[in-house]
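A.B. asks: Sharing a model that was predicted from the sequence below.
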Amino acid sequence: MIKIIQVEDHSLVTEGVKAFITAEPDMECLATCVSGENLMQVLKSHHPDVILMDVNLPDTTGIELCKLVKDKYPGIFIIALSINNQPGIIRKMVENGASGYVLKDASRQEIIEAIQTVAKGKTFYSRSVSAALRRPDAVDLPPLTRREREVLELIADGFTNPQIAESLFVDVTTIDFHRKNMLSKYKVKNTAALIKVAVSNNLI
């Protein structure tokens with residue numbers, strides 16, 4: 001029996017994947033987690049064989065979370081399940097210990113095959129991921145967390161920090177932190193330069 005944990009904050013994806021995992025006689029879904037922090041708590045009491053992990057999470061990136069899990073629980077196999085097909089992101093996930101990478105456009109059979117393959121200690125890339133890896137990666141950019149992406153989109157729409165804070169129901173200092181973090185990530189000096197990088201690399 002292959003024991004699986006999902007890390008995904010979109011309930012539609014979670015429910016869909018969970019439904020076909022449960023329909024497989026040799027698979028069991030132990031838990032579903034909505035964030036990196038949630039996963040690390042769950043791993044204290046659950047011992048999966050495979051983790052299906054989104055790359056864009058509310059509190060962290062799959063790249064950071066993958067490394068954290070592999071450092072602490074090296075016996076767990078990780079499959080990235082993401083909409084992100086940037087070759088640089090795929091490679092970083094693999095460098096940080098992921099055994100597989102599947103795009104969310106994959107068929108049910110492809111996801112099942114990915115789980116069965118990595119559970120045997122092998123690697124698996126969905127067809128669209130293999131195609132993406134053959135594409136040159138123009139710029140190797142660090143990924144954004146889902147919250148950073150939300151903040152960036154609102155900045156691009158011309159919202160001020162107080163307006164973004166009100167829109168996302170958080171404190172202004174939190175928005176300021178995200179903004180500074182993104183400037184540092186992309187090594188730019190101001191918001192205009194940040195927006196330019198984001199637009200030219202299809203981040204928003």
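C.D. replies: That came through, no problem.
A.B. asks: domains of the protein?
C.D. replies: The chain breaks down into these structural domains: 2-133, 146-200 (assignment by automatic domain parsing).
A.B. asks: most tightly surrounded among those domains?
C.D. replies: domain 2-133 (a mean of 18; mean count of other C-beta atoms under 10 Å). Using the backbone N, CA and C atoms, a C-beta is placed for each residue, glycine as well.
A.B. asks: gap between the two ends of it?
C.D. replies: 28 Å (C-alpha to C-alpha, to the nearest Å).
A.B. asks: one step back: make JSON lines out of the domains of the chain and add mean pLDDT.
C.D. replies: Output for the domains of the chain, formatted as JSON lines (pLDDT from 0 to 100):
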{"stretch": "domain 2-133", "mean pLDDT": "92"}
{"stretch": "domain 146-200", "mean pLDDT": "88"}
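A.B. asks: Residue 21 and residue 34: what is the separation?
C.D. replies: Distance of residue 21 to residue 34, given as C-beta to C-beta, to the nearest Å: 17 Å.
A.B. asks: what's the answer for residue 142, then?
C.D. replies: Residue 142 is 22 Å from residue 34, by C-beta to C-beta.
A.B. asks: Surely residue 175 touches residue 150?
C.D. replies: No: counting by C-beta atoms under 8 Å, residue 175 sits too far from residue 150 to count as a contact (10.1 Å).
A.B. asks: pull the longest helix from this structure.
C.D. replies: helix 172-185 (DSSP state H).
A.B. asks: helices or strands up against that one?
C.D. replies: Judged by 3 or more C-beta pairs under 8 Å, 6 or more residues apart in numbering; DSSP states H and E, the packing partners of helix 172-185 are helix 146-156, helix 161-168, helix 191-200.
A.B. asks: Angles on the backbone of the most centrally placed residue in the chain, please.
C.D. replies: Against the mean C-alpha coordinate of the chain, by C-alpha atoms, centre = their mean, the closest residue is residue 55 at 0.9 Å. Note on residue 55: backbone dihedrals following degrees, to the nearest 10 are phi -90, psi -30.
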